[in-house]
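Enquirer: below are the sequence and a predicted model for it; my questions follow.
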Amino acid sequence: MPNRLAHATSPYLRQHAQQPVDWYPWGEEALTKARAEDKPIFLSIGYAACHWCHVMAHESFEDPTIAALLNTHFVPIKVDQEEHPDVDKVYMEAVMAMTGHGGWPLTVFLTPEGEPFYGGTYFPPTPRHNLPGLKDLLEALAHAWQHDRGRVLDAARAARQHVQAALRAALPPQGSHRLHPGLAEQAVAAVHRRYDARFGGWQRKGPKFPQAAVGEFLLRMGQRGHPMARHMALHTLAMMARGGLYDVLGGGFHRYSVDAMWRVPHFEKMLYDNALLARVYGYAYLLSGEQGYARVAQETLDFVLREMAHPEGGFYASLDADSDGREGAFYVWTRAEVEALLPSEDFELFCAAYCLEGPPTFEGDAYVLQRQASDRALADRFGLTAEQVAERLARARAVLRAARAQRPRPGVDDKILVGWNGLMVWALAEVGFYLRRADYVRAAQRTAAALEDAAAALGHWPRGWHQGRPLPRPAYLEDRAAWALGLLALYRADGDPRWFAAAGAQVEAIGRDFADPEGGWYEVAATVDAPLVRPKVWDDGAVPGGQSLTATLWLQWAAYTTQPDYQAQVEALLRGLAPLLARHAVHYGQWLNVLDTVLGPRCEVAVVYPPRSDPQALLGVLGGRWRPRSVWAASPAPPEAAAAPLVQQRPPVEQRPTAYVCQGMTCQPPVTDPAAFERLLSGLCTPSAPASSAPPR
């Protein structure tokens, strides 16, 4: 018989619905049962695409003996980390304090009051690899609860105090640090100290994660004329795209590499990674002019539109690491499989291009495809032209892609998360605008309309939806901020004031429901009961944190509305964070982008035009160069009431499309000539090189 998870909205929870464990979802029912029966709680947190979550599920949670121990001595609770990020943050902090590391699956033992007293990540069913067996651990902790409760409660009190202190950490006095370009320079130096000069990235050993926000900051500094920052960013992005982290057949990035060389990935594909990386690869193209970065950006978005898009709008959370019961089975190849599909002349070329000549790079005789040789080098080796190499490899990839499509596919976590969809709308809108891909902008419009309409019909914003059902938690800070940023990017791309008004509704909700009078914003709304503490987290993880996303939003909103209080709040937070940004840059990537924006130069640009005129010549100037510190809006005249204040009361000159360029409260005379517009933007809105720039070594 299925357990009570069979009715959950989460696909991850429903993966556990046929197990003999008497699972509860997170909620008052389980906590009440634990208190009434005086039992500790066994809390297991994971997500649908997590390979080791699947391993622990099959090894332990399907085992009748382990299930009986859990059901007899504990109240077992299963949590989808993506549905309940606040629960995950609290107990991840506790486990990291207890063990020095964290990850998923997250395994935590709690008192009936929700206080953690023991935890870890993956536990095998019996002792293995210096890990205690789960069966022995359950028996020992059940005995301790019954016979040594004083020690258990002491550990729980200590863990609770640590979590409360860590997740409500106050900033240093906010007036104590001046914001100046040297802070950004120090942050570049901090990244450089961790930089892998051979393979790229900000870790020198595996596992290696694609920290897109750090890459964006380095590109911004490269635009300022900092060659070391530019080199680190472009080199890292090139190495990630060449390695196994990138899916050379289908496009898109896996979650992380287990090794330092980006060769062997953990094969799950997350919506947030692909949204963040598509933007950064687009920026790399705009900065460098190298087409390879544009190709990766577009292949990544094409993958998402093909394999992760809901037909009515919105994007799914992830693709699983496993298929047919094996990790990476959908993606890896043996030489024999490739040889059976390709003609002999293409087979040897393909093996040389995609690293099938050396020893296998995955389990057994399997290889992870990765591009390590250029078309020019292959042309020289095989006596071909570079064009012939490109043509043959494209043909071979198409053959393998068609064959791969016949394999059992990875599972899809088809819930639609508001924040991650906001990141994807942001990516589609920006890459679509800069690379002139109208189909990307249309996809962003479709998703924005679908989620806005769904929330309006529901009467509130949930964390997300699954098959039309709202998820049980309300939207978190990161959801509202990321969604608003996606809407503002879409407003820049298509000029529809609906998106600006919708972003304003999110700004209002954040100010009303999440603001902390002491500075910053809580991760959860005031109406939500968070376990142990209402968290407020300053650093950035794989997804930029709610704090830094809201700071990004506040700066854009200040520019669109000429309300300086929004910028003043952000600058106060930056003054408190300054020492952390300078010393621990890789943990504060999005905050560094906020700092770069504050350092300027910043511009606010309005393009207004008579209704029957064509503003594309002026908009083409805006789209011809990456301008990360500026905002703009385009509107027919007169603008709708819902349009940004930036375009209000700015008439076209001589009934021609007209551009207004402003900095703060100071605006230049309007221009109608695209060349004059370009000169104005280049003179006012382009950063100058830092005095202390040094060439890469």
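Expert: Structure received. Residues are numbered from 1 along each chain as shown.
Enquirer: check the secondary structure at Pro76 for me.
Expert: strand (DSSP: H, G, I helix; E, B strand; the rest coil).
Enquirer: ok, it to Ser318 distance?
Expert: Per CB to CB, to the nearest Å, Pro76 is found 24 Å from Ser318. (Glycine included, C-beta is placed from N, CA and C.)
Enquirer: pick out whichever of those two has more residues nearby.
Expert: Set Pro76 next to Ser318 and count neighbours by other CB atoms under 10 Å: Ser318 wins out with 29 against 23.
Enquirer: the more buried one contacts Cys50, doesn't it?
Expert: No - at 9.0 Å, Ser318 and Cys50 do not qualify as touching, with contact defined as CB atoms under 8 Å.
Enquirer: shared neighbours of these two, anything?
Expert: Counting by CB atoms under 8 Å, 6 or more residues apart in numbering, the contacts common to Ser318 and Cys50 are Glu268.
Enquirer: please name the bridge partners of Trp521.
Expert: Using DSSP bridges, the bridge partners assigned to Trp521 are Ala515.
Enquirer: okay, now it: neighbour count?
Expert: The tally of other residues near Trp521 (other CB under 10 Å) stands at 25.
Enquirer: that one and Leu581: what is the separation?
Expert: 18 Å.
Enquirer: same check, this time on Glu59
Expert: Applying CB to CB, the value for Glu59 to Leu581 is 42 Å.
Enquirer: the more surrounded of those two?
Expert: Counted by other CB under 10 Å, Glu59 and Leu581 do not tie: Leu581 has more neighbours, with 24 against 17.
Enquirer: can you pull out the strands in the stretch 51-200 of the chain?
Expert: 75-80, 106-110, 116-120 (DSSP state E, counting those that start in this stretch).
Enquirer: could I get those in CSV, plus columns for distance to Ala140?
Expert: CSV is the format used below for these (distance: least, CB to CB, whole Å):
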stretch, distance to Ala140
strand 75-80, 17
strand 106-110, 10
strand 116-120, 9
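Enquirer: nearest to Gln556, of the ones you listed?
Expert: When the strands of the stretch 51-200 of the chain are compared by CB to CB, strand 75-80 sits nearest Gln556, at 31.0 Å.
Enquirer: what's that closest one packed up against?
Expert: Counting contacts by 3 or more CB pairs under 8 Å, 6 or more residues apart in numbering; DSSP states H and E, strand 75-80 packs against helix 11-14, strand 24-25, helix 28-37, strand 41-46.
Enquirer: what do you get if the cut-off is 6 Å, keeping everything else the same?
Expert: helix 11-14, helix 28-37, strand 41-46 (3 or more CB pairs under 6 Å, 6 or more residues apart in numbering; DSSP states H and E).
Enquirer: identify each buried residue in the longest one, please.
Expert: In terms of neighbour count (16 or more other CB atoms under 10 Å), helix 28-37 has its buried residues at Ala30, Leu31, Lys33, Ala34.
Enquirer: got the angle for it vs strand 41-46?
Expert: Angle, helix 28-37 to strand 41-46, by axes from the mean of the first three to the mean of the last three CA atoms, to 10 degrees: 150 degrees.
Enquirer: next, the angle strand 75-80 makes with helix 28-37.
Expert: On the basis of the same axes, to 10 degrees, helix 28-37 is oriented at 160 degrees to strand 75-80.
Enquirer: I'd like the helices and strands packed on strand 75-80 laid out as CSV, including distance to Leu451 and mean pLDDT.
Expert: Listed next are these as CSV, based on distance: least, CB to CB, whole Å; pLDDT from 0 to 100:
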stretch, distance to Leu451, mean pLDDT
helix 11-14, 19, 94
helix 28-37, 28, 96
strand 41-46, 25, 98
